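Participant: sequence plus the predicted model coming up.
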Amino acid sequence: MIRFYGDILGARVEREVPEYGLVQLRAGTSLIDLVDVGGKIGQKGGAAPGEGGHNVDHVCFRVLPWDGEAIIAHLAAHGIAESEINSRYGAQGFGPSI
């Protein structure tokens, strides 16, 4: 996850708290918390998902300036080829979404 958010989305590790299994990444004005399921905090959430299970439904980031085609090309260059632009409802109302 650190490689995905860092190498692909451009976030940077801002803080690591190994004794809690916590890594915090900065993405613009937002902070992304990654919690190791085996760490002190993660164990409070129960077991990791099993085969085919998911522990995150979706994540939403507002990207400005918006260039959907450039974002899709960037994702494809990193092996994420199944991307398309749709209109979805979010915190700012309906808008483009990949």
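Facilitator: Great, that's in hand.
Participant: not counting its own residues, what contacts the top helix by length along the chain?
Facilitator: Counting residues, the longest helix found in the chain (DSSP state H) is helix 68-77. If you take C-beta atoms under 8 Å, 6 or more residues apart in numbering as the criterion, helix 68-77 is touched by 8, 63, 81, 83-85, 96, 98. Placement of C-beta: from N, CA and C, glycine included.
Participant: tell me the pLDDT of N86.
Facilitator: Looking at N86, its pLDDT reads 94.
Participant: and it, how far is that from W66?
Facilitator: In this view, N86 and W66 are 14 Å apart by C-beta to C-beta, to the nearest Å.
Participant: residue at max distance from the center of this structure?
Facilitator: Farthest-out residue of the chain from its mean C-alpha position, per C-alpha atoms, centre = their mean: E19, at 22.4 Å.
Participant: wait, a helix at it?
Facilitator: Yes. Under DSSP: H, G, I helix; E, B strand; the rest coil, E19 sits within a helix.
Participant: which parts of the helix or strand harbouring L34 are buried?
Facilitator: If you go by DSSP states H and E, L34 is part of strand 30-35. Residues of strand 30-35 classed as buried by neighbour count (16 or more other C-beta atoms under 10 Å): 32, 34-35.
Participant: circling back: would you mark the buried spots in the next helix or strand along the chain from the longest helix of the chain?
Facilitator: Proceeding C-terminally, helix 68-77 gives way to strand 86-90 as the next helix or strand, assigned by DSSP H and E. For strand 86-90, the buried set under the neighbour-count rule, 16+ other C-beta under 10 Å, is empty.
Participant: export only the CA atoms of strand 86-90, formatted as PDB.
Facilitator: Taking Å, rounded to 0.1, in the frame of the first residue of the first chain, the C-alpha atoms of strand 86-90 are listed here in PDB:
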ATOM      1  CA  ASN A  86     -17.800   8.000 -14.700                       C
ATOM      2  CA  SER A  87     -19.900  10.600 -13.000                       C
ATOM      3  CA  ARG A  88     -20.500   9.700  -9.300                       C
ATOM      4  CA  TYR A  89     -21.900  11.500  -6.300                       C
ATOM      5  CA  GLY A  90     -19.400  12.600  -3.600                       C
END
